[in-house]
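what's the 3D shape of this:
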Amino acid sequence: MGMVLGNSNSPYLKELLYFKESLSVLLISILFILLAANINMTDLYLIYNWNTAVLFAVVVFIIRPIGVFLSTRGSTLKTNEKLFISWVGPRGIVAAGIASLFGLKLAKEGVPGAEYITPLVFMIVLGTVLLNATTARLFAKLVGVFLTKSDGILIVGAARVSRLLGHYLESHGRHVVLIDSNQNNINKAKELGLEAISTNIYSDSLMDNIELNDVGYLMALTGNTEINKYAIDKFSKEFGENGSFRLVTQEEMNDGNNNPKEGLFSHTDDYSNLVTVAKNFPSIQEIDIENKEHYKSLIEITNSNKNIIPLFFKDDDGELHIISSYNTEIEDIGENCQLVYLGKPFDVENVALIPEKIGVS
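Got it, this is the predicted structure:
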C-alpha cells in the first residue's frame, strides 16, 4: 500500500500520512502490551548474565553503527549526524514481534536455545530505549548536532519578490523555507534551489513539519492582507520566536500614526510597491554604512524614494538582521556594516555604489 500511494498522484497524501501516523501509534501501543504479556519474569532470568551485557554492547556500539554508515553511503549526512543516528536507534516493535512469533514456534519444535530468543530481544528493546531516552540530548551536544539557535526564516508566499529575498538569504547562509498554495510559485522556487512547501496557510500541517524545527523568524509576504495577518496571529509563537513580520497594508501606509509593531521593511511600502520595485529593479544591493547617522540618512533616503526599499542590516560579522518598519534603530554599527536594499542603485554624497547584486527571474 505504501508503494502504491507513494507513486500515485493523489492530492491527499499528506492527510493520509497523518492518519497513518495516528493509526500506527494506536496499534503499536496495543501490540507492545500484547507482546509484553507473553513474557514471564522467569524468562528474563534466563539471560541474567554477563553474556547478555556483551551482546547488548555489540549491538549498540558495533552492529548498529555499521548498519547506519553502510546504509547512508553517498548521502549528504555528515559524520556527526551518522553517529547520532547510530546512537539514537532503539530496537522496537518489528524485532519484538518477530522474536515473539518465531521464538514461541521454535521452542515448541524443541529447537535448542529457542527459549532465549524472545527474552534477549526484549532485553535489547528495553535497554536501547532506556539508554537512548536518557542520553540523547547529551550525546547530541557531544557530537555537535544539538540545535542551539533558531535563525531559520519562514516566508509566507513564494511569489517573485519572496523568491528574490529567499535566494539572497539562502546565499548568505540562512535556512529559508517558502510556503505557498500556488504550485507554480513552488516549482519556480525549487528551480532556484530553495526549499519550498506547497500548503494552505489555514492547514495545521505546518505545525508538524520537522523541516521547520530551526525556524525562528516569520515573514508574511503575500498580496493578501488577511492572509498576512492570519499568518502572524497563528504561527508567530511557533515559528516567529525571534521575530514575526508582515507587510504593511495600504491603509497603514497612508496613515503615518498607524505603524504596526510587526511591520516589515518600510512603513511607506506595501505589497504593491514591493512588487513594482522588484519588477523594475530585480536585484538586491548592498551599501556600506559609515556610522549610525549615516545609517539613519540612508533609511530616510530609501523611505522617500519609491524605487528603493530597505530590507536587511548586515553587521560586521556578516549576520543579517530584518529591518522593521516600526523600529529601524540599530545600536551596534561598526566597521564593515552594510544596508541591504531592493531597487535602483543610488548615489548620494559619501555613498558609493556596491557592485554585488543578486537577481532572480
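
where's the nearest residue to residue 310 once chain neighbours are set aside relative to residue 311, distance?
Spatial nearest neighbour of residue 310, chain neighbours left out: residue 302 (4.5 Å); criterion: C-beta to C-beta, 6 or more residues apart in numbering. Yep, even glycine has a C-beta here, placed from its N, CA and C like the rest. Distance, residue 302 to residue 311, using C-beta to C-beta, to the nearest Å: 9 Å.

Same question for residue 155.
Distance from residue 155 to residue 311, by C-beta to C-beta: 12 Å.

swap in residue 204?
From residue 204 to residue 311 the distance is 31 Å (C-beta to C-beta).

follow-up on the earlier one: can you check which residues contact both of residue 155 and residue 311?
residue 165 (C-beta atoms under 8 Å, 6 or more residues apart in numbering).

where exactly do the strands run in the chain?
Using DSSP state E, the strands of the chain run over 152-156, 176-180, 195-198, 215-220, 243-246, 283-288, 308-314, 320-322, 338-343, 357-359.

check contacts around residue 293.
So residue 293 contacts nothing (C-beta under 8 Å, 6+ apart).

in the longest helix belonging to the chain, what's buried?
Using DSSP state H to define each element, the chain has its longest helix at helix 117-143. Across helix 117-143, burial judged by 16 or more other C-beta atoms under 10 Å covers 117-128, 131, 139-140, 143.

same for that helix, what does it pack against?
When contacts are defined as 3 or more C-beta pairs under 8 Å, 6 or more residues apart in numbering; DSSP states H and E, helix 117-143 packs onto helix 41-45, helix 50-58, helix 79-87, helix 93-108.

for the record, mean pLDDT for it?
Helix 117-143 carries an average pLDDT of 85.

and the angle from that helix to helix 79-87?
Counting by axes from the mean of the first three to the mean of the last three C-alpha atoms, to 10 degrees, helix 117-143 lies at 150 degrees to helix 79-87.

just use 89 as the starting number from now, easier for me
Okay, residue one is now 89; in that scheme the one you just asked about reads as helix 205-231.

can you give me the angle helix 205-231 makes with helix 181-196?
Using the same axes, to 10 degrees: helix 205-231 against helix 181-196 is 160 degrees.

Quick one: distance of helix 205-231 to the chain centre.
Chain-centre distance of helix 205-231: 26 Å, with C-alpha atoms, centre = their mean, to the nearest Å.

try stretch 403-412
From the chain centre to the centre of stretch 403-412 is a distance of 20 Å (C-alpha atoms, centre = their mean).

For the residue nearest in space to the middle of the chain, give me its contacts.
Centroid check for the chain by C-alpha atoms, centre = their mean gives residue 300 as the closest residue, at 2.4 Å. For residue 300, the contact set (C-beta under 8 Å, 6+ apart) comprises 240, 242, 265, 294, 327.

go with 7 Å
Contact analysis of residue 300 by C-beta atoms under 7 Å, 6 or more residues apart in numbering lists 242, 265, 294, 327.

Which of the residues you listed scores worst on pLDDT?
Pick the lowest pLDDT in the contacts of residue 300 and you get residue 294, at 73.

do you know how far the residue nearest to that residue when sequence neighbours are not counted is from residue 409?
In this structure, residue 294 finds its nearest non-sequential neighbour in residue 287, 6.3 Å apart by C-beta to C-beta, 6+ apart. Residue 287 sits at a distance of 28 Å from residue 409 (criterion: C-beta to C-beta).

got the domain boundaries for this protein?
102-231, 236-334 (automatic domain parsing).

before we move on, back to that, what's the pLDDT at the residue nearest to the centre of the chain?
pLDDT, residue 300: 73.

and the gap between it and residue 293?
11 Å.

do residue 238 as well
Counting by C-beta to C-beta, the gap from residue 238 to residue 293 is 20 Å.

now residue 253
24 Å.

again, but for residue 329
According to C-beta to C-beta, residue 329 and residue 293 sit 20 Å apart.

show me what contacts residue 379?
Residue 379 neighbours (C-beta under 7 Å, 6+ apart): residue 421.

Spatially nearest residue to residue 282 (excluding sequence neighbours)?
Residue 282 sits nearest to residue 254 (C-beta to C-beta, 6+ apart), 5.0 Å away.
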